[in-house]
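A.B. asks: Would you be able to build a 3D model of this:
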Amino acid sequence: MSTQKTVSIKEMLKPGVQAVLSLWKPILLIQIFALVFVFFFYRTPELQRMPEAINHLKTQWGVGWTLLTVWTSSIAISEVAAKLTIKGRQWMPLRTLVPCLFYFGLIGILLDLFYGQLNTMLGSGTDIVSVIKKIAVDQFILSPFVTMPLATTFFAWRDYNFDMAKTKAGLSHGKFWERYFAMLGTCWMFFGPFTIALYNLPIGLQFPMAMAAQAAWSLIVVVVAAQGSKS
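C.D. replies: Sure thing, here's the model as predicted:
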């Protein structure tokens, strides 16, 4: 008779904590730039009008704008921050870059569609009830059933050198769930508090802060996935 391993909260959070500790330098650099932006935001009327410009670009460019912003935050900013702060850090090789462009692009488009539909259903209000509903849907529906299963599968595929047969074998016998719960625990630890803070920020700060968070997350998720491949 097979026994199913019970995953504790500590086991779910441990990979994320280790990832943050190992990546504190690039994460700190990203947050410093975010704080500098906040400083100038409150002192520059042009920056406070940024939401109108963003909405115009999004309407004009459509999916192209979504891809540009998600690739900038998930790959360009995170890679530069890591390169500047981690000794011996190499640029992402082309063989990894292309699948990452596809993965992060897909996630960006899915999230754009999801949040657009969420605002249609729940409204764009920032009152406490609306914020709680949006956070609940984000953290307990979107993350566990969409984004984290995709992340678990994609990064396993990457770890197995983009070999589908090896990936399938590597995710069998409960290995998928070990990776998945590590991803989900890290996601809740990182995006739970961040999402609460984000919805309470002025509209003009939500977009740049979301980009900074995505840049940090794209570094963290890679390390968490790599830990899962060694389990």
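A.B. asks: Skipping adjacent residues, who's closest to residue 163 in space?
C.D. replies: residue 157 (7.9 Å; C-beta to C-beta, 6 or more residues apart in numbering). Any C-beta I mention is one placed from the backbone N, CA and C, and that applies to glycine too.
A.B. asks: I'd like the next helix or strand past the helix ranked longest in the chain.
C.D. replies: What stands out as the longest helix in the chain, according to DSSP state H, is helix 94-122. Next in sequence after helix 94-122, counting helices and strands by DSSP states H and E, comes helix 128-137.
A.B. asks: and for that next one, what are the contacting residues?
C.D. replies: Under the criterion C-beta atoms under 8 Å, 6 or more residues apart in numbering, residues 118, 122, 123, 192, 195, 196, 199, 200 lie in contact with helix 128-137.
A.B. asks: Mind giving me the packing neighbours of the next helix-or-strand element following it?
C.D. replies: Next helix or strand after helix 128-137 toward the C-terminus (DSSP H and E): helix 148-159. If you count contacts as 3 or more C-beta pairs under 8 Å, 6 or more residues apart in numbering; DSSP states H and E, helix 148-159 packs onto helix 94-122, helix 164-170, helix 175-199, helix 203-229.
A.B. asks: how about the ones you listed in a markdown table, adding mean pLDDT?
C.D. replies: Below are the helices and strands packed on helix 148-159 laid out as a markdown table (pLDDT from 0 to 100):
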| stretch | mean pLDDT |
| --- | --- |
| helix 94-122 | 89 |
| helix 164-170 | 92 |
| helix 175-199 | 90 |
| helix 203-229 | 87 |
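A.B. asks: Could you dump the ones you listed into TSV and include distance to residue 69 and mean neighbour count?
C.D. replies: Below are the helices and strands packed on helix 148-159 laid out as TSV (distance: least, C-beta to C-beta, whole Å; neighbours: other C-beta atoms under 10 Å):
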stretch	distance to residue 69	mean neighbour count
helix 94-122	7	14
helix 164-170	29	14
helix 175-199	15	19
helix 203-229	7	20
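A.B. asks: can you put these in TSV and add distance to residue 37?
C.D. replies: TSV is the format used below for those (distance: least, C-beta to C-beta, whole Å):
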stretch	distance to residue 37
helix 94-122	21
helix 164-170	39
helix 175-199	14
helix 203-229	5
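A.B. asks: Nearest approach to residue 39 belongs to which of those?
C.D. replies: Residue 39 lies closest, by C-beta to C-beta, to one member of the helices and strands packed on helix 148-159: helix 203-229, at 11.3 Å.
A.B. asks: between the helices and strands packed on helix 148-159, which gets nearest to residue 36?
C.D. replies: Of all the helices and strands packed on helix 148-159, helix 203-229 sits nearest to residue 36, with 10.6 Å by C-beta to C-beta.
A.B. asks: packing partners for the closest one?
C.D. replies: Counting by 3+ C-beta pairs under 8 Å, 6+ apart, the packing neighbours recorded for helix 203-229 are helix 9-22, helix 24-41, helix 50-61, helix 78-85, helix 148-159, helix 175-199.
A.B. asks: which residues does residue 189 contact?
C.D. replies: 13, 16, 17.
A.B. asks: since we're on the second one, how many residues are nearby?
C.D. replies: Just to be clear, that refers to residue 16. Residues within reach of residue 16, counting by other C-beta atoms under 10 Å, total 23.
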